[in-house]
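A.B. asks: here you go, sequence then predicted model.
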Amino acid sequence: MIIIITILTYLNLSLYFLHLIYLYTSIVYFSLVVYDVTQKDTFANLETWLNEADQFSTGVGKEAVKLLVGNKVDLTRVVERSEAEAWAKERNMLFIEASAKTTEGITQVFNEAVQKVCRLIDDDDDDCC
């Protein structure tokens, strides 16, 4: 959803469309923020993307689950895992590395997301997930 908002803003389209997006994303339980481990600039821009995600995840009444994913771990990295882990920890985010190409870590990304969101929705129900 962040990509759509950014595209609409970049194209300078009507705020009406942004309002519609907000209506449909006002209850967000989960934010997935992905950067490319081979491109330092994608890591450098994470704060901007996280702020965008936070702006549209205020309707839960609780803080949304946030997961930082370092993608393209099958290639030569520029962003070190330790640097990204520290960044995520400072912001109380989960952290996983993955490769969309080889599918390494992809299952873990979705398993983590589902488990954390279930706990957020119903802390008392152990059978949620």
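C.D. replies: Nice, thanks for sending it over. Numbers count the residues shown, from 1 in each chain.
A.B. asks: can you give me the buried ones in the longest helix seen in the chain?
C.D. replies: For the chain, the longest helix by residue count, based on DSSP state H, is helix 106-121. Going by neighbour count (16 or more other CB atoms under 10 Å), the buried part of helix 106-121 is 109, 112-113, 116-118, 120. To be clear about C-beta, it is placed using only N, CA and C from the backbone, and glycine gets the same treatment.
A.B. asks: elements contacting that helix?
C.D. replies: The helices and strands touching helix 106-121, judged by 3 or more CB pairs under 8 Å, 6 or more residues apart in numbering; DSSP states H and E, are strand 30-36, strand 65-71, strand 94-97.
A.B. asks: rebuild the buried residues of helix 106-121 as a markdown table, extending it with distance to V78.
C.D. replies: Compiled in a markdown table, these are given as follows (distance: CB to CB, whole Å):
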| residue | distance to V78 |
| --- | --- |
| V109 | 21 |
| E112 | 24 |
| A113 | 26 |
| K116 | 28 |
| V117 | 31 |
| C118 | 35 |
| L120 | 33 |
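A.B. asks: tell me the one of these nearest R91?
C.D. replies: Looking at those and their distance to R91, the nearest is K116, at 14.8 Å (CB to CB).
A.B. asks: about what we covered before: please identify the most buried of the helices and strands packed on helix 106-121.
C.D. replies: With neighbours taken as mean count of other CB atoms under 10 Å, those reach their highest mean count in strand 65-71, at a mean of 23.
A.B. asks: now the angle from that one to strand 30-36?
C.D. replies: Orientation of strand 65-71 against strand 30-36 (axes from the mean of the first three to the mean of the last three CA atoms, to 10 degrees) gives an angle of 20 degrees.
A.B. asks: quick check: angle from strand 65-71 to helix 106-121?
C.D. replies: 170 degrees.
A.B. asks: moving C-terminal of strand 65-71, what's the next helix or strand?
C.D. replies: On the C-terminal side of strand 65-71, the nearest following helix or strand under DSSP states H and E is helix 81-90.
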